[in-house]
Every structure is written in structure tokens, then in C-alpha cells.
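S.K.: Below are the sequence and a predicted model for it; my questions follow.
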Amino acid sequence: MVAESHLHTFDVDTDPNIFGPVSLEALASNAPARHLLKLTPGVPRSGHYDELAAVFRPVFARIAEGASERDATRTLPFEQVGWLNRERFGALRIPVSEGGYGASLSDLFRLLIELAEADSQVAHLWRAHIAFVESALMLQDAAVRSRWTERIAAGQIVGNAYTERGGNTLGSLNTTLEQRGERWFVTGEKYYCTGTIYADWVAVAASHPNLAGRQIALVSTQRSGVKIYDDWDGFGQQLTGTGSTTFQDVPVDTLLPEEQQINDPESAIFQLVLLAVQAGITRAALNDVRSAVQARTRTFSTGTGVPIRNEPQVLQLVGEISAAAFATDSIVLAAVAEIEIALGDDSLSPAERFAVCELAADRAQTIVQPMALAAATKLFDGLGASATAKGCNMDRHWRNARTVATHNPAIYKARIVGDYEVNGTAPKRLNAVGDLGSTTGTAGY
């Protein structure tokens, strides 16, 4: 069987389906289907967002051009991260007065969904950075806060090294902090270090000799004692740098205050980044199925005898995927809006703020994950067996969505929400991953 190529080339100037406005005059009877409005559903038009989108959409379009090929060849997107960094994508949330763009949390996540639509893996690798920025903005120590906002405004990126692959008992970490004189040093081995291979700094979770629980140490990835490995072997999101990082007597630049970590909304932000990635994957699946149906001429005798682009059942299926894209965008951004309000509500206690943020993320995750997975599966029903050809690489949407849907772990989220609804049980912070009742095994993430 000869496979038809359904790979879609994105062009910010000519493609009306992605990253650009379209005039009604352009809608001739033989014109391809288009999005009349490129507004995120449920979100009022924002002049600031439009300004930010004008800066970053051309970069997103360039990133989209090679997304399928990079996935197929397992080519890490160092160049693409560089394009984003030249525009200081990581400084979106830093106030204008401190050298950033002054974006709202909603603006940031709208842009992140668009980036994930272009390449879900490039969006995913910013996960730790985005979460760290929110933590840095909440720092009470003005000098420490200024140090990090200046670095981020200058384009520096922060990665993640929280989880150990196994061998540590639940509630403990094998990665340790040691003080020598006035300086702290960190030693240990981490896995699932998403984004660290692209980063200037890495936030490391470690055990402290005098304090209970995990502590977060910031270290430079340029230190000789830091070794970063691209050994993530999952079948999806392979380009996120979610591999191993080892630390050997690495000097600590900053040790985050212990009190900030207790009710920090960081974990909700971590999860919302993944939900934005899922929303982007759903959009990308819609883009591919739309373009493929428009181009397809081959049909089947079991159909209704009309061209595929007019086949009622195929159109229904594309409509269902479009509805899923609309719904995932809407749910993610509703959760972001709730968290944004909670972060600015001084009447909430830290524990209450943490609970609001966690519950918003957990509710959204419970619904978004299955919709994204269903959309990535349905596209094959509309295209037939030729769409499963490796050259089409259509399976990347499902592989990537399925991988993202395993996180932290997704299976527990609805139960946590239900326990709150029925019993008033506050969500617990995920501050430890490890082995239960043994010293061997593999931890999840």
C-alpha cells in the first residue's frame, strides 16, 4: 500500500489555519477550511496578549515547520529553544519594571498552548522554568528575588531535578546537601529532569542534614560536577530532555526558604503546563486531520459515494475533534484563571491558596486528559490505514498525549477531588516519591 503524505507545512504568512488572521473576503467556494477567529475560547480579547502573540507567533510557526521530522528522527530542539530564548520567552511573567514582558498568567498559558500546538515537546520542556518563575515572584527576600528575576529577564532558563528513579524510600531523598563553611554543596542522581539539558540553572530537591523534608537548591548547569544525560526512553515526548542528571559536590547558588515550599502553588503550575501541552496536542491533531481530509482523494465503496471532504461521517468526526480542541483550551484556561485569582487573593491563607490551586489543576486534568487522548485516536478513523504509515508520523500526537497523561500520577486526581467534595479533605502536597517498605524498585513521577 502506498501511503499518502498528510504532513502539514505551517507558514505564518500564508496558512490561515495557524497563527494568523483571515479575512472573510478570502473565503471562496474552493478555498480550504479556515478558522475565522484565532481567539482562545472563553477568553476576552486582550490587547496585551495580541502584542505578545505578535512577537512569538512567527517563532512558533518556524518551530512548527520541523516538529514532525524532529520527532521522527529524535533530534533535540536546541536551535528552537534558542529562537524562543532570543525573544526571552522565559521572561514573559517577569514584570516590565524588572525587564520582562509583564504577562498575566492567562496570557502566558494562552501562548504556551499555541507553542504546544506548534510542537508539544518544545512547550513541555519549559515546564520547570515556568513553575520556578512563579515561585521566584513570590520570594519574600528582596535580594534573592531580584537576583532571579534579573537572570530570568536576561534569558536564563531553569530546569528541574526533583525525582529519583528508585532506591529511596518514600519521604526521603538520596540526594544530599552538605555545608562546608558558608557554602552548601549538593550530591546525588536524579531522573525525569525535564528541560535541564536546555537550561542554565537547575532546581534540585535534596535532603538537608538539619531540616525535615525536601529542600530546593538552585545550581548552575555549567558546574563541572553536573552531568546531564539524554537517556529518557519513553515512547512519547522524547525531546524534552527528561533524562538523568548527576551532581557531585556542586556548589549551591540559592537555597529556597523552607517556609515557602510548604504551601507553594508550584505543583499546580507544573500540572497546568502539562494540560496546556495536551490542549496544544489536541489542536495539532485537528490541524493534521483537517489538512489530510482536504487533500484526500482516495475513498471506499462502503462510503456514500461523495468526496471524503464531503463525507458526512468524516465531517462529524472532524467536528468532534474540533469540539475537543475548543473544550480542552477552555478548561485549561478556566483552571489558570482560577489559580491566577487565588494567587492575588490576600484573604486566602497559604494553605487555602494551595488547596484552591491544586483542586483547579486536578479537576482540569481529570477531564482534559481523556479528551486529548480521544482526539489523537479519532483522527485515524477519518483517514484510514494509510495515515498509520511511519512517514506520516500521525501517531506522534497519541504517543505524546499518552505520555503526558501519565504524570504525577493522573489516576489519583479524580479521587483527590472527590475526597475533598465529600469529606472536606485538603489536597496533600506531592513532595516525595519513592519505594514503600523496601529499598529497591522504580519510582514513578
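M.R.: Sure thing, it's come through. Residues are numbered from 1 along each chain as shown.
S.K.: Give the buried residues for the helix ranked longest in the chain.
M.R.: The longest helix of the chain (DSSP state H) is helix 350-383. Neighbour counts over helix 350-383 (16 or more other Cβ atoms under 10 Å) mark 353-369, 371-380, 382-383 as buried. Backbone N, C-alpha and C define where each C-beta goes, glycine included.
S.K.: helices or strands next to that helix in the packing?
M.R.: Secondary-structure packing of helix 350-383 (3 or more Cβ pairs under 8 Å, 6 or more residues apart in numbering; DSSP states H and E): helix 266-295, helix 312-343, helix 395-404, helix 413-423.
S.K.: Export these to a markdown table and append columns for distance to N210, mean pLDDT and mean neighbour count.
M.R.: Formatted as a markdown table, these follow (distance: least, Cβ to Cβ, whole Å; pLDDT from 0 to 100; neighbours: other Cβ atoms under 10 Å):
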| stretch | distance to N210 | mean pLDDT | mean neighbour count |
| --- | --- | --- | --- |
| helix 266-295 | 23 | 94 | 26 |
| helix 312-343 | 31 | 94 | 19 |
| helix 395-404 | 37 | 95 | 24 |
| helix 413-423 | 32 | 93 | 14 |
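S.K.: To T194, which of the ones you listed lies closest?
M.R.: helix 266-295 (9.5 Å; Cβ to Cβ).
S.K.: what's the angle between that closest one and helix 350-383?
M.R.: Orientation of helix 266-295 against helix 350-383 (axes from the mean of the first three to the mean of the last three Cα atoms, to 10 degrees) gives an angle of 20 degrees.
S.K.: orientation of helix 266-295 relative to helix 395-404 in degrees?
M.R.: 160 degrees.
S.K.: right, and Q179 touches P209 too?
M.R.: Yes: if you go by Cβ atoms under 8 Å, Q179 and P209 touch, sitting 7.3 Å apart.
S.K.: which one of those two has more residues nearby?
M.R.: Between Q179 and P209, Q179 has the larger neighbour count (other Cβ atoms under 10 Å), namely 13 against 8.
S.K.: did I read that right, the more buried one in a strand?
M.R.: Yes: counting by DSSP: H, G, I helix; E, B strand; the rest coil, Q179 is part of a strand.
S.K.: which residues does it bridge with?
M.R.: W184 (DSSP bridges).
S.K.: how much space between it and F185?
M.R.: According to Cβ to Cβ, to the nearest Å, Q179 and F185 sit 8 Å apart.
S.K.: ok so, going back, could I get the helices and strands packed on helix 350-383 as JSON lines with distance to S349?
M.R.: Putting the helices and strands packed on helix 350-383 into JSON lines (distance: least, Cβ to Cβ, whole Å) gives the following:
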{"stretch": "helix 266-295", "distance to S349": "16"}
{"stretch": "helix 312-343", "distance to S349": "11"}
{"stretch": "helix 395-404", "distance to S349": "32"}
{"stretch": "helix 413-423", "distance to S349": "16"}
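S.K.: And these: which comes nearest H48?
M.R.: Closest approach to H48 among these is made by helix 312-343 (14.0 Å; Cβ to Cβ).
S.K.: Helix or strand for the nearest residue in space to Q80 that is not next to it in sequence, just tell me which one.
M.R.: Excluding its sequence neighbours, the residue lying closest to Q80 (Cβ to Cβ, 6 or more residues apart in numbering) is I63, at 4.8 Å. Taking DSSP states H and E as the criterion, I63 maps to helix 47-65.
S.K.: Buried residues, that helix. List them.
M.R.: By 16+ other Cβ under 10 Å, the buried positions in helix 47-65 come out as 49, 52-53, 56-65.
S.K.: could I have it exported to CSV, CA atoms only?
M.R.: Extracted in CSV, the C-alpha atoms of helix 47-65 (Å, rounded to 0.1, in the frame of the first residue of the first chain):
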residue,chain,number,x,y,z
GLY,A,47,-4.5,44.0,23.7
HIS,A,48,-1.5,42.9,25.7
TYR,A,49,-1.9,39.3,24.6
ASP,A,50,-2.2,40.4,21.0
GLU,A,51,1.1,42.3,21.4
LEU,A,52,2.8,39.3,22.9
ALA,A,53,1.4,37.0,20.2
ALA,A,54,2.7,39.2,17.5
VAL,A,55,6.2,38.7,19.0
PHE,A,56,6.0,35.0,19.4
ARG,A,57,3.7,33.6,16.7
PRO,A,58,6.4,33.9,14.0
VAL,A,59,8.7,31.9,16.2
PHE,A,60,6.0,29.3,16.9
ALA,A,61,5.5,29.0,13.1
ARG,A,62,9.2,28.3,12.5
ILE,A,63,9.1,25.7,15.3
ALA,A,64,6.1,24.0,13.8
GLU,A,65,7.8,23.5,10.4
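S.K.: so what does it touch, helix or strand wise?
M.R.: Partner elements for helix 47-65 (3+ Cβ pairs under 8 Å, 6+ apart): helix 78-86, helix 105-118.
S.K.: one step back: report the inter-axis angle for the longest helix of the chain versus helix 413-423.
M.R.: Compare the direction of helix 350-383 with that of helix 413-423 by the same axes, to 10 degrees and you get 130 degrees.
S.K.: could you give the mean pLDDT of helix 350-383?
M.R.: If you average the pLDDT over helix 350-383, you get 92.
S.K.: and the angle for it with helix 312-343?
M.R.: Using the same axes, to 10 degrees: helix 350-383 against helix 312-343 is 170 degrees.
S.K.: Make 35 the starting number, not 1.
M.R.: Taking 35 as the first residue, the last one we looked at is helix 384-417.
S.K.: just for this protein, where's the confidence low?
M.R.: Counting by pLDDT under 70, the chain shows low-confidence ranges at 35-80, 200-205, 293-297, 335-339, 464-479.
S.K.: Show me how it divides into domains.
M.R.: Per automatic domain parsing, the structural domains of the chain span 58-190, 194-295, 297-457.
S.K.: Export these to TSV and append columns for distance to R463.
M.R.: Below are those laid out as TSV (distance: least, Cβ to Cβ, whole Å):
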stretch	distance to R463
domain 58-190	13
domain 194-295	8
domain 297-457	6
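S.K.: Phi first, then psi, for T279.
M.R.: phi -140, psi 130 (degrees, to the nearest 10).
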